[in-house]
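S.K.: missing the sequence, but the structure's below:
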């Protein structure tokens, strides 16, 4: 069994932005080790959400740019992300439907869970999804 290592948000950000080239190069080498099946890297949905938030708010990237960079991460060989299918759909909907990433994730999760509708006061974003019934308490 391969050694498994959690990879945190800041490594992805160094890689995606190349704002500190030496660190970006070291992260790329780490990814290549994982691709060669020398180690296994793991991360989670909160890290992906933090990447989206940081690229959007701090780096001021457009939603399509954020989507493209995050899709690159989600498709890295040797990186295990639980709920990768939900994150993939959320990332696409975030840009294509112009909604907040967390709303996109919650909608994808609710759909996967086969809920009957969503209780929310946020009709603006949830109304952009087909097949979702919105309720207010």
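M.R.: Good, I have the coordinates. Bear in mind the structure is a predicted one, so any value in this text is a computation, not a measurement. Residues are numbered from 1 along each chain as shown.

S.K.: quick one: least confident helix or strand in this structure?
M.R.: In the chain, the helix or strand scored least confidently by mean pLDDT, DSSP states H and E is helix 123-126, which has a mean of 90.

S.K.: What residues sit buried inside that one?
M.R.: For helix 123-126, burial by neighbour count (16 or more other Cβ atoms under 10 Å) applies to 125, 126. (Each C-beta comes from the backbone N, C-alpha and C, glycine too.)

S.K.: packing partners for it?
M.R.: If contacts are counted by 3 or more Cβ pairs under 8 Å, 6 or more residues apart in numbering; DSSP states H and E, helix 123-126 sits against helix 101-112.

S.K.: Strand partners (parallel or antiparallel) of whatever helix or strand comes next after the helix it packs on?
M.R.: Going down the chain from helix 101-112, the next helix or strand is strand 118-119, by DSSP states H and E. As defined by DSSP bridges, the strand partners of strand 118-119 come to strand 134-135 (parallel).
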